[in-house]
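*Asks:* Turn this into a structure:
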Amino acid sequence: MPVRPRRALAALAATASVALFASACTGSANNAASDDPKAETTITFWHGWSAPAEVKAIEDNVARFEKAHPNIKVKVVGNINDDKLGQALRAGGSNGPDVVSSFTTANVGKFCHSGALADLKPFIEKDKLDLDTIFPKVLQEYTQFEGKRCTLPLLSDAYGLFYNKDAFKAAGLDPEAPPKTWSEFTQVAKTLTKAKGDSYEQLGFMPNYLGYETVVSHYMSQWDHTYFDESGKSNVAKDPAFAEMMTYQKSLVDALGGFKKLDKYRTTFGDEWGAKHPFHTGQVAMQLDGEWRLNFVKDAKVDFEVGVAPLPVADDEVAEYGKGYLSGTIMGIAPQSKKQNAAWELVKYMTTDTEAVVNFANGIGNVPSTLEALKSPNLKFDARFKTFLDIAQHPQSTTSDGAVNGSAYQETLSDLAQKYEKGQVADLKKGLADTAAQIDRDIAQAK
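*Replies:* Below is the predicted model of the structure:
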């Protein structure tokens with residue numbers, strides 16, 4: 001699995017890359033897809049993976065594609081983040097990519113609205129693809145914006161709870177009964193916490209927003225919520241779920257020692273993508289994370305039994321237990337490409353061919369992104385991975401809403417949340433109202 005700039009780190013880079021896409025060259029499949037997909041040609045594919053196992057999985061899939069399409073050769077370029085991608089799309093020219101992938105699903109709104117990626121509708125209609133029978137609903141939603149589809153999903157991620165079963169046993173907790181509601185979670189986290197002076201010998205859970213993966217959007221998935229109302233205005237001040245989540249999160253921070261004590265402990269953690277991750281080392285007993293953590297746990301050779309479960313839900317939503325936050329990788333076509341029909345063949349193969357999706361999922365330990373691949377008998381995972389397959393298919397699982405300015409609204413909301421957990425915002429109601437107004441202003445300016 002990845003040494004990825006991906007989910008958590010990609011979110012930090014997303015805002016910086018938004019400006020690049022605002023001035024990206026525009027184009028569409030209608031005026032650029034004039035190449036003969038049966039002609040001998042070479043296309044360039046840019047992706048963001050960098051870890052050896054991931055790069056090999058990509059190259060293996062590309063090799064299978066080339067075998068099935070002997071007239072199309074693919075030049076693969078890895079370790080491309082959204083900043084590099086944005087610069088290339090902005091500059092245009094023959095040295096840029098034909099096919100691209102990105103970890104930043106939150107930027108799809110920006111990609112589609114600005115024309116940074118080509119409209120895929122003509123290709124989908126030409127091949128008569130019924131996306132409803134190919135992809136889960138949430139994945140369809142986060143790969144389009146306001147009716148324009150400029151990307152397709154390439155594998156997905158489901159977020160859940162990892163926990164140290166040995167720590168549960170030592171604390172007198174049932175390792176086969178992880179907490180299902182947030183109130184239960186608080187008690188379990190407190191029970192698992194062992195103080196050591198002004199720090200910790202073991203922390204039940206790191207709740208701070210700067211903790212690994214404990215970001216606003218991942219928490220919010222466990223409350224029924226709506227980021228925007230029907231008119232497209234920010235709903236964070238009107239929907240009580242946002243205040244409920246932030247109030248709960250701060251209560252968890254306070255219950256486990258307070259922000260300053262927790263944040264000081266956080267600075268002792270090893271790298272999120274390395275063997276010294278705090279969950280691996282036993283510094284924290286529970287961890288919010290994606291399915292890829294299973295591979296990291298294996299590689300780190302942890303000396304305790306690891307359990308996995310869905311994240312807890314709001315106390316009044318226990319019937320929805322099993323849901324979670326979904327995200328993933330996306331693929332699209334550069335609008336400047338003069339080989340869009342050939343590029344489409346690669347996009348279609350990588351995202352809709354069941355064997356290709358299954359092989360890639362097996363190779364990097366991510367959740368398959370098609371309905372057929374999700375139920376394929378050829379998936380090779382340990383029994384715990386089924387938890388994430390179930391989260392991916394849960395009818396109440398959600399993702400972040402798209403916006404014309406990409407992830408900027410999430411950054412604005414996160415800024416408030418971080419100030420609130422530190423005690424710098426006393427009036428949460430006013431803070432949410434001000435945040436909603438700022439989100440609306442930013443979106444209006446971006447249109």
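*Asks:* Please enumerate the helices of the stretch 301-447 of the chain.
*Replies:* 340-352, 354-364, 371-374, 386-393, 408-421, 428-446 (DSSP state H, counting those that start in this stretch).
*Asks:* buried residues in the third one?
*Replies:* By neighbour count with 16 or more other C-beta atoms under 10 Å, helix 371-374 contains the buried residues Ala373, Leu374. C-beta coordinates here come from the backbone N, C-alpha and C atoms, glycine included.
*Asks:* ok, back up a step: so which of the helices of the stretch 301-447 of the chain is the most surrounded?
*Replies:* Comparing the helices of the stretch 301-447 of the chain by mean neighbour count (mean count of other C-beta atoms under 10 Å), helix 340-352 comes out on top with a mean of 25.
*Asks:* So what's the gap between that helix and the chain middle?
*Replies:* Distance, stretch centre to chain centre, for helix 340-352: 22 Å (C-alpha atoms, centre = their mean, to the nearest Å).
*Asks:* And for that helix, what's in contact with it?
*Replies:* Under the contact criterion C-beta atoms under 8 Å, 6 or more residues apart in numbering, helix 340-352 has outside partners 29, 32-37, 39, 41, 43, 45, 61-62, 65, 68-69, 72, 74, 98-99, 118, 120, 123, 127, 129, 134, 152-154, 331-334, 337, 356-357, 360, 369-370.
*Asks:* where are the low-confidence patches of this protein?
*Replies:* 1-32, 90-94 (pLDDT under 70).
*Asks:* now with 50?
*Replies:* The chain contains residues with pLDDT under 50 at 1-31.
*Asks:* Geometric centre of it: which residue is closest?
*Replies:* Ser327 (3.4 Å; C-alpha atoms, centre = their mean).
*Asks:* Tell me which of the contacts of helix 340-352 fall in helices.
*Replies:* Residues of the contacts of helix 340-352 located in helices (DSSP state H): Ala29, Ala32, Asn61, Val62, Phe65, Ala68, Phe123, Ala356, Val357, Phe360.
*Asks:* Distance of Val216 relative to Gln418?
*Replies:* Using C-beta to C-beta, to the nearest Å, we find Val216 at a distance of 9 Å from Gln418.
*Asks:* burial of the closest residue to Thr181 other than its chain neighbours, as a residue count?
*Replies:* In space, Thr181 comes closest to Asp315 once its chain neighbours are excluded; the distance is 4.7 Å by C-beta to C-beta, 6 or more residues apart in numbering. By other C-beta atoms under 10 Å, the residues close to Asp315 number 13.
*Asks:* Please apply the same query to Ala106.
*Replies:* With other C-beta under 10 Å as criterion, Ala106 counts 27.
*Asks:* before we move on, what about Phe279?
*Replies:* Neighbour count of Phe279, defined by other C-beta under 10 Å: 27.
*Asks:* Packing partners of the helix or strand containing it?
*Replies:* Using DSSP states H and E, Phe279 sits in helix 278-281. Helix 278-281 makes packing contacts with strand 284-290, helix 293-300 when contacts are defined by 3 or more C-beta pairs under 8 Å, 6 or more residues apart in numbering; DSSP states H and E.
*Asks:* 10 Å - rerun?
*Replies:* Judged by 3 or more C-beta pairs under 10 Å, 6 or more residues apart in numbering; DSSP states H and E, helix 278-281 is in contact with strand 152-164, strand 284-290, helix 293-300.
*Asks:* what's it in contact with?
*Replies:* 162-164, 202-203, 206, 211-212, 265-266, 268-270, 272, 274-275, 284-289, 293, 296-297, 299-304, 306 (C-beta atoms under 10 Å, 6 or more residues apart in numbering).
*Asks:* again, only this time at 7 Å
*Replies:* Phe162, Phe269, Gly270, Val284, Gln287, Val297, Ala300, Val302 (C-beta atoms under 7 Å, 6 or more residues apart in numbering).
*Asks:* Quick one: buried ones out of those residues?
*Replies:* Phe162, Phe269, Val284, Gln287, Val297, Ala300, Val302.
*Asks:* you'd agree the first one is up against Trp292?
*Replies:* No. Counting by C-beta atoms under 7 Å, Phe162 stays clear of Trp292, with 10.9 Å between them.
*Asks:* Centre of the chain to stretch 294-302, how far?
*Replies:* Distance, stretch centre to chain centre, for stretch 294-302: 20 Å (C-alpha atoms, centre = their mean).
*Asks:* Then stretch 252-264?
*Replies:* 26 Å.
*Asks:* Mind listing what's buried along it?
*Replies:* For stretch 252-264, the neighbour count (16+ other C-beta under 10 Å) marks Leu252, Val253, Leu256, Gly257, Phe259, Lys261, Leu262, Asp263 as buried.
*Asks:* Now the second one: phi and psi?
*Replies:* With angles defined as degrees, to the nearest 10, Val253 shows backbone torsions of phi -60, psi -50.
*Asks:* wait, it sits on Lys261?
*Replies:* No. Counting by C-beta under 7 Å, Val253 does not reach Lys261; the two are 9.5 Å apart.
*Asks:* give the contact list for Asp174.
*Replies:* Going by C-beta under 7 Å, 6+ apart, Asp174 touches Phe168.
*Asks:* three-state assignment of it?
*Replies:* coil (DSSP: H, G, I helix; E, B strand; the rest coil).
*Asks:* What distance do you get for it to Phe385?
*Replies:* Per C-beta to C-beta, Asp174 is found 22 Å from Phe385.
*Asks:* go on, Lys238?
*Replies:* Distance, Lys238 to Phe385, using C-beta to C-beta: 38 Å.
*Asks:* For these two, indicate the residue with more neighbours.
*Replies:* Neighbour tally, Lys238 and Phe385, criterion other C-beta under 10 Å: the higher count belongs to Phe385, 19 against 13.
*Asks:* Touching, that one and Glu291? I think so.
*Replies:* Yes. With contact defined as C-beta under 7 Å, Phe385 and Glu291 form a contacting pair (6.4 Å).
*Asks:* Return the set of residues that bridge with the nearest residue to Phe45 once chain neighbours are set aside.
*Replies:* Spatial nearest neighbour of Phe45, excluding adjacent residues (C-beta to C-beta, 6+ apart): Val99 at 4.4 Å. Applying DSSP bridges to Val99 yields these beta-bridge partners: Phe45, Ile333.
*Asks:* now, which of the buried residues of stretch 252-264 lie within helices?
*Replies:* Leu252, Val253, Phe259, Lys261, Leu262, Asp263.
*Asks:* Closest one of these to Asp401?
*Replies:* Closest approach to Asp401 among these (C-beta to C-beta): Leu252, at 25.0 Å.
*Asks:* Against Tyr265, how distant is Gln424?
*Replies:* Applying C-beta to C-beta to Gln424 and Tyr265 gives a distance of 20 Å.
*Asks:* So between the two, which is more surrounded?
*Replies:* Between Gln424 and Tyr265, counted using other C-beta under 10 Å, Tyr265 has the larger neighbour count: 22 against 11.
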